[in-house]
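Enquirer: 3D, please:
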Amino acid sequence: MVKELAARQGGGWTVLGKDLTPEFQVTTGKRRISSAQRAELKSLGIDTPEEEDRRKWNTFWDAPLTVPGAIGQGQAVELRSESDITHGSSSFQTRACTLGTDGNQLMVTFDGLKLGIFSGDLRFIAYKGTNLLRQEAVASTQEPSVAYIYKAGLKGFSITADTKLAWRDNAQHQQYEYFGGHVNQGPVNLRARDSMEILDVGSGSLSVFPTPHKFFFSREVETNLGFVYYRKDTGNSFALGVMWPEHNEGYHPWGQTDAEWNRRVGTSHGDVYNMALFNAPPGTKQRMSVYYYLSARSDEATRNALMAYTHNDAFKPLPGYKTMEGHFHLDFNEQLRERNDLDYQPPWVAVFRSLGINIIYLGDFHDDSDPQDPGPKRFMEQKVYFEGSERVSDKDFLVMPGEEANAFTGGHMWILTSKPVYYSHSRYGDRTGGITKGELRPPGVPFEENLPEYGNVYHLGSTADVLRFLNETNSVAWTTHPNTKSSEGYPDAYKDKDFFLSDRWVGASWESLPGDLSWTEECQTRCFETEDNMNNWSPKPKNLITEGDTYTKWPDDESYSTLAVNYVKLDRVPSYNEDWSPIIDALRNNQLFGTNGEVLFHNWGVQGSGASAVYTASIEYTYPLQFADLAWGDGTKTYHKIVSLSDTLPFGTKELKIPFDATGAKWARLSVWDTMESGAWDNPVVIK
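Expert: Presented below is the predicted three-dimensional model:
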């Protein structure tokens, strides 16, 4: 029991809650590998039970709570049953309490937590210099193949004449609940902006919210499902907390014609099958957390104080850098053609601008238009794509028309050009697992030709054509969603190929997928291990490029929480009609870092050499920091050095100087993580 939560500011204590009981609930399903992953494993000849069991933890297209599901819908491999699903609530049989510190953090831990198929500890953490309090279940299960979601909060808050619950709705309108209605049987999940609710007791307030990023797993949409809740338990008491609802919702459909509207309604409905939940491999300690911010001020003042930690849910401008994000399949040219209006401005433009993003690369020709057309129709669609991108670009805001051109290499790849370029990549011959057998252009089709309406156009028909195209047009490519989805087994399967070893193949994408709350770093294995492996394989450094991989953007989405962005070293953003080579060159030369937004690099590099090498970095941050992870590799093996940063206070800057033995090393990189488990990661530095 929490006997009292209270805050003060220059006077007496304001009691925000008394005699409160922590509560947790879990809903679990069964993790399975997706049919897309299985197809790639079969095409590579490595589809064994052992490989499937290992790789199922990187599954994206999965919906463990959707019964019965549908084969092929959401890439499912088999139908589901109610017997796959369990529910559990917390109970406590505490025998011991431990008190400890880690730098400027104070931790109180109680054993004896039972939570359905999970068991472990209840923990509270307070952070010096902040009004933050973290409550978490640190629990594990020995069951195999567990995927889960959770609810966490406190119950027993009193209803008085001054009690009100405040939140902003998706339209940024202020809303209040005064608890004058009927008692609730279950949680009322609020579609609160910024996933924050604030209890106002008249002379103080208490904010309730999840971690700003790690709480949100990837769904290809960013619809706000309602991630905070209240529950009126009796006429004079209620509960508050954070939660994941058990069912997904798709995006807002669009379409001017009946045919297009019906198509998009179907696509949106299909998103219910994209709800992969969190992973819980046997024995891993899952940290199911909820945060509180205690304040002796009003709900609006509390909201403003908390929003400062996330720069008001936007990516802060940084001198010498421009923010870039992409992999957005927004069907832009299809919308323009359907409306017959090149000046139509879709809602995603305002979303990206409000997030503080300077450069967007789109991904039409994925679930839209005619990506496989050998030329005439595709080039017409590309022309609309280019002209529309030019119209929505502006000063300090560039929309680059890119493409996830999934042909020839195996898996999925992204192509980003240094100017608008017309090209086709029609597949000719038998196709298996993403690789075109024979890798041939259609008969009589040249690699390059000049067409009166479009100028120079290119026809790609092989991996050799892809590399030649990248070189001749000053373009780059990379592996999208490596080792998951339809890129399962890649880039590993082509690590020795010429196109991959070229510096035109700049690396792979970073996306927080899968969700695993036992990790101390986001995308700890699939993303960062892929990066380290690439840099050990390749003669030249490879990047991790943060990506969104979503299909629509609306102002009422929770976009900031699910995104990380690239900060690219650029003095300015090229206009649409200028050469985009500075962006391409920055990607080729590792002049960028990725971040959730709360930790920012100013510079980084290696001083000295051999056993006397020192990795240096200058950073700024909002939440107190937790640790830095320095990784380096010698071409075969990757090494790590973890440096605790838990002695930091909020809203600071720090100069890091980390000594390490660089003898025989090829590359080194650094990531820095805060107490909210958000972070920033630079791209590899070459060690000579």
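
Enquirer: Please count neighbours and contacts with C-alpha atoms only from this point.
Expert: Will do.

Enquirer: Output the below-cut-off pLDDT ranges for the chain.
Expert: Of all residues in the chain, those with pLDDT under 70 make up the ranges 73-74, 427-440.

Enquirer: tell me which residues of the longest strand along it are tucked away?
Expert: Secondary structure of the chain read by DSSP state E shows that its longest strand is strand 14-30. Within strand 14-30, the residues that qualify as buried are 14-18, 20, 22-30, counting by 16 or more other CA atoms under 10 Å.

Enquirer: Counting by contacts, list what that strand packs against.
Expert: Using 3 or more CA pairs under 8 Å, 6 or more residues apart in numbering; DSSP states H and E as the contact definition, the elements that strand 14-30 packs against are strand 2-7, strand 86-92, strand 105-115, strand 146-158.

Enquirer: right, and the helix or strand after that strand?
Expert: Taking DSSP states H and E as the definition, the helix or strand that follows strand 14-30 towards the C-terminus is helix 35-44.

Enquirer: Make CSV out of the helices and strands packed on strand 14-30 and add mean neighbour count.
Expert: Putting the helices and strands packed on strand 14-30 into CSV (neighbours: other CA atoms under 10 Å) gives the following:
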stretch, mean neighbour count
strand 2-7, 15
strand 86-92, 16
strand 105-115, 18
strand 146-158, 23
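
Enquirer: For these, please prepare JSON lines with the additional fields distance to residue 325.
Expert: What follows is the helices and strands packed on strand 14-30, written out as JSON lines (distance: least, CA to CA, whole Å):
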{"stretch": "strand 2-7", "distance to residue 325": "40"}
{"stretch": "strand 86-92", "distance to residue 325": "38"}
{"stretch": "strand 105-115", "distance to residue 325": "34"}
{"stretch": "strand 146-158", "distance to residue 325": "28"}
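
Enquirer: how about residue 451, what does it touch?
Expert: The contact partners of residue 451, taken as CA atoms under 8 Å, 6 or more residues apart in numbering, are residue 457.

Enquirer: Who does it form a beta bridge with?
Expert: Partner residues in beta bridges with residue 451: residue 455, with DSSP bridges as the criterion.

Enquirer: Offset the numbering so it begins at 21, please.
Expert: I'll keep to 21 as the first residue from here, and by that count the last item is residue 471.

Enquirer: how close does it get to residue 444?
Expert: Taking CA to CA, to the nearest Å as the measure, residue 471 and residue 444 are separated by 13 Å.

Enquirer: Then residue 125?
Expert: Distance, residue 125 to residue 444, by CA to CA: 56 Å.

Enquirer: Kindly report the same for residue 501.
Expert: If you go by CA to CA, the gap between residue 501 and residue 444 works out to 23 Å.

Enquirer: Verify the stated contact: residue 612 with residue 585.
Expert: No - shown here, residue 612 and residue 585 do not form a contact pair, counting by CA atoms under 8 Å, at 10.0 Å.

Enquirer: The two - which one has more neighbours?
Expert: residue 612 (28 against 25; other CA atoms under 10 Å).

Enquirer: Which residue, other than its chain neighbours, is closest to the more buried one?
Expert: With sequence-adjacent residues excluded and distances taken as CA to CA, 6 or more residues apart in numbering, residue 612 is closest to residue 588, at 4.3 Å.

Enquirer: who touches that neighbour in this structure?
Expert: 341-344, 603, 606-607, 611-613.

Enquirer: for the helices and strands packed on strand 34-50, which one sits closest to residue 688?
Expert: Ranking the helices and strands packed on strand 34-50 by their distance to residue 688 (criterion: CA to CA) puts strand 125-135 first, at 29.6 Å.

Enquirer: Show me the residue sitting in the middle of the chain in space.
Expert: Ranked by distance to the mean C-alpha position of the chain (CA atoms, centre = their mean), the top residue is residue 532 at 3.8 Å.

Enquirer: three-state assignment of that residue?
Expert: Residue 532 carries the three-state label coil when classified by DSSP: H, G, I helix; E, B strand; the rest coil.

Enquirer: And for residue 504, the neighbour number?
Expert: Number of residues near residue 504 (other CA under 10 Å) recorded here: 26.

Enquirer: Ramachandran coordinates for the residue nearest to it when sequence neighbours are not counted?
Expert: Across the structure, with CA to CA, 6+ apart as the measure, the residue nearest residue 504 apart from its sequence neighbours is residue 78 (5.7 Å). As for residue 78, its main-chain torsions (degrees, to the nearest 10) stand at phi -100, psi 10.
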